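Enquirer: sequence first, predicted model second:
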Amino acid sequence: MKTAVEELSPTRVRLSVEVPFEELKPSLDKAYREVAKQARIPGFRPGKVPPRVIDMRIGRGAVLTEAVNDALPDLYSKAVQEAEVVVLGNPDVEVTKLEDGDDFAFTAEVEVRPKFELPDLASLSVTVDSAAVTDDDIDEYLSSLRERFGSLKAASRPAETGDFTTIDLSASVNGEPVEDAQASGLSYEIGSGSLLEGLDEALVGQSAGDSATFTTKLAGGDHEGEDAEVTVTVQSVKVKDLPELDDDFAQLASEFDTLQELREDTRKQLERSKLMQQAAQARDRGIQALLDAVEIPLPEKYVEHEQEHLRESVEQQVTQMRMSFEDYLEMVGKSAEEQEAEVVEQSERGVKTGFILDKFAGDEEIGVDQNELTYFITDQAQRMGVPAEYLAQQLVESGQVSAAVQEVRRGKAAATIAERITVTDPEGAPVDVKAQVEALVAAQAADLEAEAAAGADEAETAEVAEVTVAADE
């Protein structure tokens with residue numbers, strides 16, 4: 001088999017393939033067997049019709065066509081390997097020569113991954129956020145923790161912003177009650193702005209049993225967008241009572257006995273979180289630096305396919321939310337033109353990013369082992385809320401295992417890029433991403449070992465207690 005490559009553009013090639021006729025013999029034999037099974041010729045049982053009879057009664061041309069259709073996928077794959085191109089999508093195939101006993105020829109036009117070179121990663125630099133943890137960061141975390149353990153108690157004063165109320169609402173348009181705008185016993189935090197415009201202002205200064213009326217536009221229902229008179233009646237006003245920030249709170253909210261121990265652990269956890277954020281920023285900004293540094297021609301049909309995939313994803317999301325596309329656009333604050341422009345931008349960026357990561361992974365010979373693939377599937381299954389075995393089976397049945405491998409490989413490439421570029425914090429201090437990630441992994445492993453040891457100690461203690469109880473009995 002001979003394969004010639006003609007570059008039609010930086011992203012499209014034409015493969016011209018010539019195949020000696022004898023290479024079609026296995027497919028010809030198979031074609032005869034298939035035709036023999038389907039043929040109904042007097043004097044011959046199905047599947048037992050000789051080739052010469054098939055040629056006479058059905059025609060050699062039909063068998064040749066069947067053989068070519070069977071052989072083309074494998075011949076095309078071999079041609080792609082000989083041409084050493086990375087194809088994208090399905091080819092446009094044309095048979096240019098098919099004569100009995102003579103060489104068989106065809107052409108295949110297909111989009112390919114464009115060729116480009118990556119810059120020296122050491123020449124690229126990015127800045128990431130500081131990983132320093134301040135006392136204010138710790139205080140902010142502990143404040144949010146106090147909020148989680150707070151309780152509501154009745155207020156003996158008029159309502160203020162931040163208070164929690166129980167309210168009744170009724171609306172009317174032109175003096176007529178609006179049936180779908182009546183509610184009672186609603187819980188509402190003043191200042192959240194989550195219900196009706198003007199409600200927060202109407203509630204401030206009201207006490208339990210008071211009512212107030214205000215005008216607002218209805219956000220839904222048959223009278224959507226119309227001005228309505230809304231009456232709000234306050235059933236109760238409550239304030240959140242927060243626990244004191246002391247040792248008792250530390251024992252209530254954590255496994256620690258003192259507030260100081262809780263603060264120290266909080267600092268450690270925040271430091272880890274910020275270091276993880278730095279690593280993630282280094283990956284994202286490193287890829288962006290490469291996107292800015294490399295010009296890559298994009299294959300038109302391949303990008304269009306990605307755009308269609310994004311549109312379908314948005315449509316599925318809108319359907320799941322049981323919304324119209326117009327309501328979705330209003331919710332996200334975009335026009336149809338802005339939404340389409342975002343689809344185009346995201347698809348082009350995604351395709352270019354994939355090319356860069358695949359190129360880097362190939363240059364660095366980055367591979368994926370079974371443990372890495374298993375971890376990826378397990379992590380994805382947890383995010384989706386399904387068993388890992390189920391997701392693995394779905395990937396196999398849908399032929400998506402190679403896509404999962406590619407995603408893992410690209411993730412490893414992005415992590416390696418972050419380690420090779422120059423990374424600094426806002427003060428200009430260098431950030432060693434590789435060392436940080438290794439330290440985080442080691443710390444996580446140590447935590448898991450400590451948890452396992454603690455669990456074993458608890459089990460041993462329980463066993464001793466059980467034996468003691470049994471002995472006492």
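Expert: Everything's here; your move.

Enquirer: would you list every one of the strands in the protein?
Expert: 2-9, 12-19, 87-97, 104-112, 125-127, 151-154, 164-173, 176-189, 211-217, 227-241, 422-424 (DSSP state E).

Enquirer: of all the ones you listed, which one is nearest Asp358?
Expert: Set against Asp358 and scored by C-beta to C-beta, these come closest in strand 87-97, at 10.9 Å. C-beta: built from backbone N, CA, C; applies to glycine.

Enquirer: may I see the buried residues of the closest one?
Expert: Buried positions in strand 87-97, judged by neighbour count with 16 or more other C-beta atoms under 10 Å: Val87, Leu88, Pro91, Val93.

Enquirer: for Asp425, state which of these is nearest.
Expert: Proximity of the buried residues of strand 87-97 to Asp425 (C-beta to C-beta) peaks at Leu88, which lies at 39.1 Å.

Enquirer: I'd say that closest one and Tyr302 touch.
Expert: Yes - in this structure, Leu88 is within contact of Tyr302 by C-beta atoms under 8 Å, at 4.5 Å.

Enquirer: joint contacts of the two?
Expert: Residues touching both Leu88 and Tyr302 (C-beta atoms under 8 Å, 6 or more residues apart in numbering) are Glu111.

Enquirer: quick check: the two most widely separated of the buried residues of strand 87-97?
Expert: Leu88 and Val93 (15.4 Å).

Enquirer: what about Asp129, distance to Val431?
Expert: As judged by C-beta to C-beta, to the nearest Å, Asp129 and Val431 stand 10 Å apart.

Enquirer: likewise Phe360?
Expert: Distance from Phe360 to Val431, by C-beta to C-beta: 20 Å.

Enquirer: again with Tyr302
Expert: 35 Å.

Enquirer: coming back round to it: most tightly surrounded among the strands of the chain?
Expert: Neighbour counts (mean count of other C-beta atoms under 10 Å) averaged over each of the strands of the chain peak at strand 104-112, with a mean of 21.

Enquirer: compare the strands of the chain and say which comes out lowest on pLDDT.
Expert: Among those, strand 176-189 carries the lowest mean pLDDT, a mean of 88.

Enquirer: so how far is that one from its chain's centroid?
Expert: 38 Å (C-alpha atoms, centre = their mean, to the nearest Å).

Enquirer: how about stretch 226-234?
Expert: The answer for stretch 226-234 is 42 Å, by C-alpha atoms, centre = their mean.

Enquirer: run through who's touching that stretch.
Expert: 159, 165-173, 178, 181, 196, 198-199, 202-203, 206-218.

Enquirer: do a quick rundown of the helices in the stretch 1-150 of the chain.
Expert: For the stretch 1-150 of the chain, helices defined by DSSP state H, counting those that start in this stretch occupy the ranges 25-38, 51-57, 60-83, 135-148.

Enquirer: and those: which comes nearest His309?
Expert: Here helix 60-83 is closest among the helices of the stretch 1-150 of the chain (C-beta to C-beta), at 23.3 Å.

Enquirer: contacts for the closest one next, please.
Expert: With C-beta under 8 Å, 6+ apart as the contact definition, helix 60-83 has outside contacts at 1, 3, 5, 13, 15, 17, 19, 23-24, 26-28, 30-32, 34-35, 51, 54-55, 87, 91, 93, 95, 98, 100, 104, 106, 108.

Enquirer: residue nearest the middle of this structure, spatially speaking?
Expert: Nearest residue to the geometric centre of the chain (C-alpha atoms, centre = their mean): Gln380, 9.3 Å.

Enquirer: just give me the neighbour total for the closest residue to that one other than its chain neighbours.
Expert: In space, and not counting its chain neighbours, Gln380 is closest to Leu391: 6.2 Å by C-beta to C-beta, 6 or more residues apart in numbering. Residues near Leu391, counting by other C-beta atoms under 10 Å, number 19.
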